[in-house]
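K.L.:
Give me a 3D structure for the following:
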Amino acid sequence: MKQGKRSVTITDIARELSISPSTVSRALNNHPAIKEETKRKVITLANKLNYQPNLLALNLLNKKTNNIGVVVPEITSHFFAAIISGIQDILNASGYNIIMCQSNESYREEIKIIENLSSVRVDGFLIAPSSKTRKLDHFVKLKNSGVPIVIFDRDCQGLDVDKVLLDDYDGAFQAVDYLVKSGCKKVAHLGGSLSLSTSIHRRQGYIDALKSNNLSVRDDHIFHTKGFKHSDGIRAAKSLLKLKDPPDAIFAVNDRIAIAAMYVAKMYGFKIPEDISIIGFDDEPHSSYFTPSLSTVRQPAYSIGLLSARILLQNLSNPHDSPGFRREIFRPELIIRDSSRLRPDT
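P.N.:
The predicted structure follows:
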């Protein structure tokens, strides 16, 4: 089998010019101690031989790789895709590359990814933890090694690092308060895993909005899905809408679950929003094209990505300047469409 052509090295250039490899290296980096004539000869020969520097070796020598590890639970949803776009726009403009990895909501896969990225010495991490992540030892180990970390979207209680989050509680409160004020009296909740801060805060926002409107919280009107796929939502919605006393409104933990609830409601003969109002969370692009279009809580996903990347860049540029850890929280926006009743004052 034909062998590929061997790459030209600094040693090859040094041998050809009868000078030391260190002199070649300095000449290529325009070191002031090297004579201009020597620089000219080295650069001319390097171009002639099509010399390509070993960036990995140079980066390791400089203790910098210009690579950032980005770890997310998934990349298929619009929410995380928009965050990644924000991250990429900031980091690429600053000369950094991103190594994109998805944990598939697996704690073990998340640990493996972080270990692998650490072994190639990425300069920093941007991480949205998996829904199965309960122990934080792998994050603490990263922090103690001096590698900058920014946690986004999903909080890790007790982990002192920079974080960029959303006020999930406020988003849920807005949604449920609207449902009640639009005339709904039996508002149910299709929630996510209670191992996630986002699910916990959205559930609490739901509960507090009911209480603030003097409505009781019914345990049989709260279902928690095992995952965030449409199939998970369908199973939960069927259990909810089969009740003898079904709800007249549903607040769902995200748009996928809300759309699944709309599908089941139609299957069971409910009219939306006349018989049942439904509000999701995320504002996925396709949500406005369903019939009826889905009311939802909009998250500024792209802005979350931008700010997360900017904070990481600040830490990389000035690692000792920050006296503490930043905790930035975005406020969501309630978007009313056709899947929920109009309030009397609208």
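
K.L.:
sec struct for Lys163, please.
P.N.:
strand (DSSP: H, G, I helix; E, B strand; the rest coil).

K.L.:
if I pick it, what's in contact with it?
P.N.:
150-152, 155-156, 325-328 (Cβ atoms under 8 Å, 6 or more residues apart in numbering). Just so you know, the C-beta spots here come from the backbone N, C-alpha and C atoms, and that holds for glycine as well.

K.L.:
Please list all residues in contact with Gly280.
P.N.:
Contacts of Gly280 (Cβ under 8 Å, 6+ apart): 252, 254-259, 287, 294-297.

K.L.:
Generate JSON lines for these, with distance to Ile278, secondary structure and pLDDT as supplementary columns.
P.N.:
Listed next are those as JSON lines, based on distance: Cβ to Cβ, whole Å; DSSP: H, G, I helix; E, B strand; the rest coil; pLDDT from 0 to 100:
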{"residue": "Ala252", "distance to Ile278": "7", "secondary structure": "strand", "pLDDT": "98"}
{"residue": "Asn254", "distance to Ile278": "12", "secondary structure": "coil", "pLDDT": "95"}
{"residue": "Asp255", "distance to Ile278": "10", "secondary structure": "helix", "pLDDT": "95"}
{"residue": "Arg256", "distance to Ile278": "12", "secondary structure": "helix", "pLDDT": "93"}
{"residue": "Ile257", "distance to Ile278": "10", "secondary structure": "helix", "pLDDT": "96"}
{"residue": "Ala258", "distance to Ile278": "5", "secondary structure": "helix", "pLDDT": "97"}
{"residue": "Ile259", "distance to Ile278": "9", "secondary structure": "helix", "pLDDT": "96"}
{"residue": "Ser287", "distance to Ile278": "11", "secondary structure": "helix", "pLDDT": "92"}
{"residue": "Leu294", "distance to Ile278": "7", "secondary structure": "coil", "pLDDT": "98"}
{"residue": "Ser295", "distance to Ile278": "7", "secondary structure": "strand", "pLDDT": "98"}
{"residue": "Thr296", "distance to Ile278": "9", "secondary structure": "strand", "pLDDT": "98"}
{"residue": "Val297", "distance to Ile278": "12", "secondary structure": "strand", "pLDDT": "98"}
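
K.L.:
What subset of these is buried?
P.N.:
252, 254-259, 287, 294-297 (16 or more other Cβ atoms under 10 Å).
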